[in-house]
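J.: attaching a predicted model along with its sequence, questions to come.
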Amino acid sequence: MSTQQPELLDIYDSQGNPLGIKERELVHRDSDWHNTVICFISHEDADGEHYLIFQKRSPNKDLYPNKLGASVAGHCSKGVTPFETLLKELKEELNIKNISPPVIYMGVKPSKSISPDGKKDCEFQHIYHILYDINRLRKEVKINFQETSELISVNISDALRLFSNKQKQIRSHYFITKTSISKQPLPLSKFDFVPFSDKYYCLLLKLILRGFSQKSQS
């Protein structure tokens, strides 16, 4: 009987120099630096407002279960590029098989964090942004509920006020569950999101809003 082989990751020092290969579980145990991909999918509604889709992470995730994070995220396996990982994760998590909207590479960010259960995570996060047509998004997306509990759409300006500490709570625009799409607002606070810094979220949200502005001028 064949057994599932452990996932292998390329590991690096803090400057990005290759150090070798290690099993994923040991990478997190030893706080090794490794490549990950995070992708934020945004859309513009008929009212002209701009929204960002957050993924509510599965309760089975080893890091930040039940927290709101990027629309799509994943680890880069041994020898796999960040863009190849992005395509794989879009297909696995959201059933997006063909990307026709422009994919914007926003850069790489070293991120060092500790989860509530004490796990240390040292990532080179390769960040992407996809501006999607909302009607196509609702038609094409099929959530993999082994990876994701829900998708939640949040007004980007509201999220900026939240992470700028101008509001303690905001409300979702809509959310997609296993059985339905609901426009009943959900109350959200910073506690509901993966605990990156306020500065990180504010910079990210401003860059995404700038993408909308550049699109309207083109």
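T.: Thanks, I have the structure now.
J.: tell me where the chain has helices.
T.: Secondary structure of the chain (DSSP state H): helices at 24-30, 82-94, 134-140, 156-163, 198-217.
J.: buried sites along the second one?
T.: For helix 82-94, the buried set under the neighbour-count rule, 16 or more other Cβ atoms under 10 Å, comprises 82, 85-90, 93-94. (Each C-beta comes from the backbone N, C-alpha and C, glycine too.)
J.: tell me the contacts of residue 127?
T.: By Cβ atoms under 8 Å, 6 or more residues apart in numbering, the residues touching residue 127 are 38-40, 105-109, 204.
J.: correction: the previous question concerned residue 78.
T.: Going by Cβ under 8 Å, 6+ apart, residue 78 touches 8-10, 21.
J.: bridging across strands, which residues link to the nearest residue to it once chain neighbours are set aside?
T.: Using Cβ to Cβ, 6 or more residues apart in numbering and skipping the chain neighbours, the partner closest in space to residue 78 is residue 8 (4.1 Å). Judged by DSSP bridges, the bridge partners of residue 8 are residue 23.
J.: my read: residue 97 touches residue 91, true?
T.: Yes. In this structure residue 97 lies within contact range of residue 91 using Cβ atoms under 8 Å: 5.5 Å.
J.: between the helices of the chain, which one is nearest to residue 45?
T.: helix 134-140 (6.3 Å; Cβ to Cβ).
J.: what's that closest one in contact with?
T.: Around helix 134-140, the neighbours that count as contacts under Cβ under 8 Å, 6+ apart are 41, 43-45, 51, 53, 95-96, 181.
J.: 10 Å instead?
T.: 41-46, 51, 53, 71, 94-98, 100-101, 130, 132-133, 151, 153, 174, 176, 181 (Cβ atoms under 10 Å, 6 or more residues apart in numbering).
J.: now restrict those to buried residues only.
T.: Neighbour counting with 16+ other Cβ under 10 Å marks 41-44, 51, 53, 71, 94, 96, 101, 130, 132, 151, 153, 174, 176 as buried within the contacts of helix 134-140.
J.: how about these, which pair is most distant?
T.: Longest span within those, Cβ to Cβ: 101 and 174, 19.8 Å.
J.: residue boundaries of the strands in this protein?
T.: All strands of the chain, identified by DSSP state E, fall at 8-12, 18-23, 33-44, 50-57, 68-69, 72-75, 103-114, 120-131, 148-155, 170-171, 174-176, 181-182, 187-188.
J.: can you redo those as a markdown table with distance to residue 137?
T.: Shown next, in a markdown table, are the strands of the chain (distance: least, Cβ to Cβ, whole Å):
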| stretch | distance to residue 137 |
| --- | --- |
| strand 8-12 | 30 |
| strand 18-23 | 35 |
| strand 33-44 | 6 |
| strand 50-57 | 8 |
| strand 68-69 | 17 |
| strand 72-75 | 12 |
| strand 103-114 | 14 |
| strand 120-131 | 9 |
| strand 148-155 | 9 |
| strand 170-171 | 20 |
| strand 174-176 | 10 |
| strand 181-182 | 11 |
| strand 187-188 | 20 |
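J.: spatially central residue for the protein, please.
T.: residue 70 (1.7 Å; Cα atoms, centre = their mean).
J.: report the separation between that one and residue 57.
T.: 10 Å (Cβ to Cβ, to the nearest Å).
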